[in-house]
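Novice: Sequence plus predicted model, see below.
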Amino acid sequence: MTTRQQFLRAAALTAAAPLLACGSRDTPDAYDQAAAATWRLAEAPVGDAGAIRRELVRCATLAPSSHNTQCWKFRIEERAITLLPDLSRRCPAVDPDDHHLFVSLGCAAENLAQAARAFGLRAEQRSAGRDGVALSLEPAPAVATPLYLALPQRQCTRGEYDGQPLRSDELRLLEQAGSGEGVRVILITERAAMEQVLALVAAGNTAQLQDKAFVEELKAWIRFGRDEAAHAGDGLFTGASGNPTAPRWLGSRLFDLFFKAGSENDKYSKQIRSSAGIAVFVSQVDDAAHWVEAGRCFERFALQATALGIRNAMINQPVEVAALRPQLASQLGVAAGRPDLVVRFGRGPRMPSSLRRPVQAVLV
Ligand SMILES: Cc1cc2nc3c(=O)[nH]c(=O)nc-3n(C[C@H](O)[C@H](O)[C@H](O)COP(=O)(O)O)c2cc1C
């Protein structure tokens, strides 16, 4: 940032200070109440199959989704739940081929499967593709796995971590959790290799912020204020990334003024250099079934990390900007397939939680 930009930023933030908010309040507001109601551990309602299935759907909706669009719908049947893509929540600028949309469905399917086990059901994947993900439900012994118990703690933690490496047994558990059918995870912990990924993140971020359609789409999914976020129940709440909150009219203007490639790239440098490593998920075949599987693998990885007290955050610019994907693949020595997701991990403080829409809003 130039001195003039720093001066302008300081002047604008000083003028806006009475309207900006950071940090905690004494009494819980609508956002706090919604977050507390969202991030509670599921309890299987006794004896009511319909209530159990709705609770499974609630657990599924705790999954991550690109821009927190929650691009899913759920069809409940007696012995099955199908996750359908909600194409009205597509993000054509950042995700023109709907890759992230189907990865998000995979994350939700994994959450549902983990919760089903805790409720004495086995959720078996019958099919996955552009039509959605079909899961059958069969009775099975009830097991509350560490991954299930981690469901209400998991988050995409966009802060700086403590810079400490992970133990090799922790890395092994993450690798196991993140591998699946036709999808593998590559863990990068050497500093030189992490710097190469950082260079691609910065190149991708710069390209995206020069793209008007990308910026407009992102802005439409940002929730600048606590009330705005609580009302919507979706989207990217600025407070969850550690940024100040403000009424939309003001937040939107500050976004236009200060959301620039230079300062964002500085932030990514610090965040990646504070991380213990970077995980890249790669699918063997570039189709919707494998994108769903990549989502399931990522979600197990994220839940396993959470169970171990390890944070993670996506840094997907090198896979979102299509021109950078071959460079990432060649840096990793990946000859075939598609690099799906790039994720940094390490230990660090928790950030405020994101929100979700109610179950009623996602049922067909
Ligand atoms: C397919 C996919 C792509 C994502 N890409 C990014 C990304 O590039 N950068 C980022 O900060 N978060 C990314 N996210 C994280 C979402 O923004 C996050 O899951 C959502 O805001 C909800 O927050 P939570 O995961 O903390 O509950 C991605 C999530 C998914 C599932």
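Specialist: Cool, the structure landed. Numbers count the residues shown, from 1 in each chain.
Novice: Quick one: low-confidence residue ranges for the chain.
Specialist: Low-confidence segments of the chain (pLDDT under 70): 1-25, 44-46.
Novice: Is the closest residue to Cys156 other than its chain neighbours bridged to anything, and to what?
Specialist: Spatial nearest neighbour of Cys156, chain neighbours left out: Ala313 (5.1 Å); criterion: CB to CB, 6 or more residues apart in numbering. Yep, even glycine has a C-beta here, placed from its N, CA and C like the rest. Judged by DSSP bridges, the bridge partners of Ala313 are Arg344.
Novice: if I look at Ala313, how far off is Glu160?
Specialist: Distance, Ala313 to Glu160, using CB to CB, to the nearest Å: 10 Å.
Novice: Comparing those two, which residue is more hemmed in?
Specialist: Neighbour totals were compared for Ala313 and Glu160, and Ala313 leads with 22 against 17 (other CB atoms under 10 Å).
Novice: show me the contacts for the residue most central in space within the chain.
Specialist: Computing the C-alpha centroid of the chain and ranking residues by CA atoms, centre = their mean puts Pro64 first, at 3.8 Å. With contact taken as CB atoms under 8 Å, 6 or more residues apart in numbering, Pro64 is in contact with Ser104, Cys107, Arg154, Cys156, Glu299, Ala302, Met314.
Novice: contacting residues for the closest residue in space to Leu137 that isn't next to it in sequence?
Specialist: Spatial nearest neighbour of Leu137, excluding adjacent residues (CB to CB, 6+ apart): Leu121 at 4.8 Å. Residues near Leu121 by CB under 8 Å, 6+ apart: Ile52, Leu56, Leu137, Glu138, Pro139, Ala140.
Novice: Tell me what Leu121 is bridged to.
Specialist: Going by DSSP bridges, Leu121 forms beta bridges with Pro139.
Novice: among the contacts of Leu121, who's most crowded?
Specialist: Top of the contacts of Leu121 by neighbour count (other CB under 10 Å): Leu56, with 27 neighbours.
Novice: Which of the three states applies to the residue nearest to the centre of the chain?
Specialist: Following DSSP: H, G, I helix; E, B strand; the rest coil, Pro64 is assigned to coil.
Novice: on that earlier part again, looking at the contacts of Leu121, which is nearest Lys219?
Specialist: Leu56 (33.7 Å; CB to CB).
Novice: and the closest one, what element?
Specialist: According to DSSP states H and E, Leu56 maps onto helix 49-61.
Novice: Mind listing what's buried along that helix?
Specialist: Residues of helix 49-61 classed as buried: Ile52, Arg53, Arg54, Glu55, Leu56, Val57, Arg58, Cys59, Ala60, Thr61 (neighbour count, 16 or more other CB atoms under 10 Å).
Novice: how far is that helix from where the chain is centred?
Specialist: Centroid separation between helix 49-61 and its chain, computed with CA atoms, centre = their mean, to the nearest Å, is 21 Å.
Novice: Check stretch 315-333 too.
Specialist: 18 Å.
Novice: which residues touch Asn312?
Specialist: Asn312 neighbours (CB under 8 Å, 6+ apart): Cys156, Thr157, Ala279, Phe301, Ala302, Ala305, Val343, Arg344, Phe345.
Novice: same check, this time on Ile310
Specialist: Ile310 neighbours (CB under 8 Å, 6+ apart): Leu166, Glu170, Leu174, Ala276, Phe345, Gly346, Arg347.
Novice: Okay, it and the ligand: tell me how far apart.
Specialist: As for Ile310, its distance to the ligand is 14 Å (criterion: CB to the nearest ligand atom, to the nearest Å).
Novice: what do you get for Gly295?
Specialist: Gly295 sits at a distance of 7 Å from the ligand (criterion: CB to the nearest ligand atom).
Novice: And the closest residue to that residue other than its chain neighbours, its phi and psi?
Specialist: Nearest non-adjacent residue to Gly295, counting by CB to CB, 6+ apart: Gly106, 2.2 Å away. Torsion angles at Gly106 (phi, psi; degrees, to the nearest 10) stand at phi -60, psi -40.
Novice: so Gly106 touches Ala302, yeah?
Specialist: No: using CB atoms under 8 Å, Gly106 is not in contact with Ala302, being 11.9 Å away.
Novice: Doesn't Val280 belong to a helix?
Specialist: No: using three-state DSSP, the assignment for Val280 is strand, not a helix.
Novice: related to what we said a few turns ago, so the residue nearest to Leu137 versus Cys107, what's the distance?
Specialist: Distance from Leu121 to Cys107, by CB to CB: 19 Å.
Novice: Residues touching stretch 326-336, excluding its own?
Specialist: 186, 188, 193, 196-197, 200, 280, 282, 284, 318-319, 337, 339, 342.
Novice: go again using 10 Å as the cut-off
Specialist: Residues outside stretch 326-336 that contact it (CB atoms under 10 Å, 6 or more residues apart in numbering): 184, 186, 188, 193, 196-197, 199-201, 203-204, 280, 282, 284-286, 317-319, 321, 325, 337-339, 342.
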